[in-house]
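Asks: below are the sequence and a predicted model; questions follow.
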Amino acid sequence: MGTKSKMRSFLAVAGVASLALTACSGGGSGSTAGSNSGGDVKTLTVLDSYNNDPDKSILQASIDKCAAQVGVTIDRTTVPGKDRMQTVLQRSSSRTLPDVLMLDNPEVKDVASTGALSALGDYNVDTTAFAGNSLDAVTQDGKVYGAPVPADTLGLFYNKDLLAAAGVEPPKTWDELKAAAAKLTKGDQYGLALSAAATYEGSWQFLPFMWTNGGDETNLDTPQVKEALQLYVDLVNSGSVSKSVINWTQADVKDQFVAGKAAMMINGPWQIPALEASPNVKWDSVQIPINKAGQTPTAPLGGMVWTVPMTGDKAKMAKAAEFVQCTGSKDSQMSLGKARHTVPVRADLHEEYVKEVPTMKTFTQQVENARARTGKLGKDWPKAATTIYTAVQLALTGKASVQDAFAQAAKG
């Protein structure tokens with residue numbers, strides 16, 4: 001999810017070197033270095049960060065299906081997402097890495113680059129059915145290191161009643177977005193809500209406008225990127241977007257929308273259960289508006305990934321790869337996608353998925369053109385993300401002009 005999209009800066013921790021060293025010499029669940037347990041593997045240890053219901057129980061059902069298919073029982077540990085990488089480091093140091101590890105997709109390249117993960121091709125895991133953009137996030141030096149679970153992204157939600165009352169159509173372009181937001185702003189109701197917080201969450205929400213307009217994280221000081229920032233500034237300065245967005249999380253944005261204080265919002269499908277629990281809010285969604293004709297709405301690809309750590313126990317690693325392969329099956333992708341309002345990363349399932357979950361049509365379309373945040377910069381993505389949210393903050397608070405914000409932010 002979007003909040004799960006926060007890239008952990010664990011590589012800044014000096015202990016990351018031990019991740020590769022101990023991972024290659026240690027064994028999951030206390031196995032002996034380089035051992036092959038022989039015979040049938042009966043149990044696999046799994047570490048994930050779906051620690052809150054209903055997600056925890058939904059994922060458990062998916063885990064149980066694949067466990068039964070590959071003939072093992074699962075010893076599962078869950079940790080909060082914010083603690084995931086610290087837990088991985090600690091378990092690496094104590095040589096107790098799990099047999100199967102779930103990572104956020106921006107983390108995979110960094111962890112793989114330390115030598116701590118097994119390439120799935122070593123076990124003949126077939127990943128060809130996955131959409132190319134989902135593989136970008138899990139491919140390092142030409143090798144695939146993870147199997148993505150159904151993905152999420154961003155779209156534009158709108159309150160159907162408020163737009164109808166104002167005679168406003170869902171916006172498809174930036175000009176239409178500004179005009180609609182202005183017309184929908186009255187009293188304590190803003191036309192649009194979004195998150196521009198000084199976090200990776202703020203960068204995540206800026207990316208659709210930057211990428212759709214042809215901006216690129218490899219060079220942030222360009223007209224295309226500055227035009228996207230100017231859109232933000234225009235929306236805030238016109239009063240169509242609250243100045244408080246510099247502090248809002250995506251959960252705050254959802255709360256504003258549900259309370260009727262925002263007629264539209266930029267958010268992700270993980271908010272749909274909360275919207276469905278608010279029957280007074282009649283909503284729908286469209287893809288992120290474009291700036292100019294011919295552009296393709298392009299948003300970031302969010303979601304988690306199953307990986308196989310280098311525990312040293314060859315038999316368990318092979319069985320873990322079987323488990324990971326199962327998670328990419330049609331049945332696993334569809335059942336988990338429907339249960340969690342996330343999009344199967346197998347393109348061959350999208351038509352069927354939208355028929356069964358029509359509220360996910362917008363996000364399925366958006367996922368098809370979504371991009372991996374680490375696709376171009378790999379381990380250098382966190383630096384770019386920090387520059388992005390810092391520039392947004394500088395511009396929205398008036399501490400820097402749109403022209404100077406990215407250059408100033410890059411200086412730290």
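Replies: That came in fine, so what should we check first?
Asks: next structured bit after the host helix or strand of residue 46?
Replies: Here residue 46, judged by DSSP states H and E, is contained in strand 43-48. Toward the C-terminus, strand 43-48 is succeeded by helix 55-70 as the next helix or strand (DSSP H and E).
Asks: what packs against the helix or strand that contains residue 208?
Replies: Assessed by DSSP H and E, residue 208 sits inside helix 200-212. Helix 200-212 sits against helix 223-237, helix 381-396, with contacts defined as 3 or more Cβ pairs under 8 Å, 6 or more residues apart in numbering; DSSP states H and E. Backbone N, C-alpha and C define where each C-beta goes, glycine included.
Asks: need the contact list for residue 156.
Replies: Counting by Cβ atoms under 8 Å, 6 or more residues apart in numbering, residue 156 makes contact with 170, 171, 177, 264, 265, 266, 285, 286, 287, 288, 289.
Asks: assign the fourth one to helix, strand or coil.
Replies: Put plainly, it is residue 264. Under DSSP: H, G, I helix; E, B strand; the rest coil, the three-state class of residue 264 is strand.
Asks: tell me how many other residues crowd it.
Replies: Neighbours of residue 264 under the rule other Cβ atoms under 10 Å: 29.
Asks: show me what contacts it?
Replies: Residue 264 makes contact with 156-159, 163, 171, 180-181, 184, 191-193, 257, according to Cβ under 8 Å, 6+ apart.
Asks: okay, and the spatially closest residue to residue 378 that is not a sequence neighbour sits in which element?
Replies: For residue 378, ignoring the flanking residues on the chain, the nearest one in space by Cβ to Cβ, 6 or more residues apart in numbering is residue 109 at 4.8 Å. Per DSSP H and E: residue 109 is located in helix 108-113.
Asks: which strands or helices does that helix pack on?
Replies: The helices and strands touching helix 108-113, judged by 3+ Cβ pairs under 8 Å, 6+ apart, are strand 139-140, strand 304-307.
Asks: for that helix, what is the average pLDDT?
Replies: Averaged over helix 108-113, pLDDT sits at 90.
Asks: what's in contact with that helix?
Replies: 10-11, 19, 88, 103, 117, 137-140, 143, 145-146, 305, 307, 374, 378-379.
Asks: in this structure residue 202 contacts residue 194, no?
Replies: No: counting by Cβ atoms under 8 Å, residue 202 sits too far from residue 194 to count as a contact (9.0 Å).
Asks: on that earlier part again, of the contacts of helix 108-113, select the buried ones using a PyMOL command.
Replies: Applying 16 or more other Cβ atoms under 10 Å to the contacts of helix 108-113, the buried members can be selected in PyMOL as follows:
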select buried, resi 10+11+19+88+103+117+137+138+139+140+145+146+305+307+374+378+379
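Asks: for residue 350, which non-adjacent residue is spatially closest?
Replies: residue 364 (5.2 Å).
Asks: swap in residue 331?
Replies: Distance criterion Cβ to Cβ, 6+ apart; nearest residue to residue 331, sequence neighbours excluded, is residue 65 at 7.3 Å.
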